[in-house]
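> Pasting a predicted model and its sequence here:
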Amino acid sequence: MTIAIECAIPQEHAHLAAALAHHETVSVGGQRFDRGDLDGREVVLALAGIGKVNTAMATALLIERFGAKTVVFSGVAGGLDPGLSIGDVVIAEETLQHDAGVLEDHGLTTYQAGHVPFFNPTERFGYPVAAPLIGRVRGALEGFALPPLSRAAGGLGRPPVIAYGRILSGDQYIHGEAVRERLNRELGGLAVEMESGALAQACEALGAEWLVVRALSDLAGRDSRIDFTAFVNEVAASSASILRRILPVL
C-alpha cells in the first residue's frame with residue numbers, strides 16, 4: 001500500500017528525498033512528486049508548497065492519482081504551548097483551521113471550515129486523527145528519543161519532547177506574542193502552521209487516513225522570523241526521523 005508524505009518547503013522535503021531509493025520524479029500541477037522506496041516501504045513524497053490551497057491540491061492528487069490510502073505531513077511549525085520549546089515535536093491528534101469562521105467588527109469567531117453557523121451549521125469543530133492510527137504511532141514511539149538539538153540551534157541539552165494534541169492551521173504566518181497566546185488560550189493549539197487543516201479536510205472527503213508530524217522551528221512570537229531561519233533545517237530533520245520511525249505502522 002502506497003504511503004504519501006507531504007512537505008511544504010524544500011528544507012522539510014530534503015531530509016526525506018535524500019533517503020529515497022529507486023525513485024522517479026514527476027511534476028503535476030506545478031507540484032513535485034517523488035515516487036520511490038523509503039526504508040522498505042513504497043512512498044510518494046510531495047513538495048506541495050505553502051498554504052491550504054496547495055496542500056488540498058497535493059492531497060487530492062496523492063489519493064486520486066497515486067492511490068495513497070494514508071497521507072502524512074512531515075515538517076515544521078510554530079509553537080503555541082508555553083511548555084514547549086524550539087526543537088520539540090507535536091503530533092496531531094486533531095487539527096483545526098483557526099482562520100475559518102465568522103468575521104465581525106469585534107474580530108473572528110472560529111468555526112468549522114466549510115460551514116457558517118446560520119446557514120449550514122454543524123456541531124463539529126476540527127478534524128480528529130483516526131484513533132487506531134494514533135494508537136499505533138504512540139506505540140511505535142514509546143521509548144524513542146530524538147538527539148538533543150545542537151547548541152547552535154538553541155539546544156537545551158535534553159532530547160526534544162514529543163507531544164500529542166491539537167495543531168492549528170491557517171493561511172497566515174503567526175508573528176506576534178498576543179496572537180500566539182490567544183490561539184493557545186482560546187483554541188487549545190499546541191502548534192500552528194499553514195497546511196494540516198486542509199490536509200485533514202481533503203483526506204476525510206476522499207476516504208484516506210492522515211497524520212501530521214511537526215517539529216517546532218520557532219515559537220510564533222516576535223522572534224519567529226529569526227528563529228525559523230536559524231533552526232528550520234535542523235528541526236525538520238527531527239520530524240523526518242519520527243516519520244521514518246513510525247513508517248512501519250502506517
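That came through fine. Numbering: from 1, shown residues only.
> What are the buried residues along the helix or strand residue 11 falls within?
For residue 11, the element it lies in under DSSP states H and E is helix 10-17. Neighbour-count burial for helix 10-17, with 16 or more other Cβ atoms under 10 Å as criterion, is recorded at 11-17. The way it works is simple: take the backbone N, C-alpha and C, and place the C-beta from them, glycine included.
> What of stretch 41-51?
By 16+ other Cβ under 10 Å, the buried positions in stretch 41-51 come out as 43-49, 51.
> for those, which one is nearest residue 98?
Within the buried residues of stretch 41-51, the smallest distance to residue 98 is 13.8 Å, found for residue 51 (Cβ to Cβ).
> So that closest one sits against residue 170, correct?
No - using Cβ atoms under 8 Å as the test, residue 51 is too far from residue 170 to be in contact (9.3 Å).
> tell me, what's touching those two both at once?
Both residue 51 and residue 170 are in contact with residue 194, where contact means Cβ atoms under 8 Å, 6 or more residues apart in numbering.
> Would you mind listing the residues in contact with the residue nearest the centre of the chain?
Closest residue to the average C-alpha location of the chain: residue 212 at 4.2 Å, with Cα atoms, centre = their mean. Under the criterion of Cβ under 8 Å, 6+ apart, the neighbours of residue 212 are 72-73, 91-92, 95, 129, 167, 196, 199-200.
> What strand or helix carries residue 57?
helix 52-64.
> What distance do you get for residue 47 to residue 5?
Residue 47 is 10 Å from residue 5, where distance means Cβ to Cβ, to the nearest Å.
> Same check on residue 133?
With distances taken as Cβ to Cβ, residue 133 is found 15 Å from residue 5.
> repeat for residue 44
Applying Cβ to Cβ, the value for residue 44 to residue 5 is 7 Å.
> residue ranges of the helices in this structure, please?
Ranges of helices within the chain are 10-17, 52-64, 131-141, 177-187, 196-206, 224-246, based on DSSP state H.
> could the ones you listed go into CSV alongside distance to residue 24 and mean pLDDT?
Listed next are the helices of the chain as CSV, based on distance: least, Cβ to Cβ, whole Å; pLDDT from 0 to 100:
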stretch, distance to residue 24, mean pLDDT
helix 10-17, 12, 94
helix 52-64, 15, 97
helix 131-141, 28, 98
helix 177-187, 40, 94
helix 196-206, 24, 97
helix 224-246, 20, 83
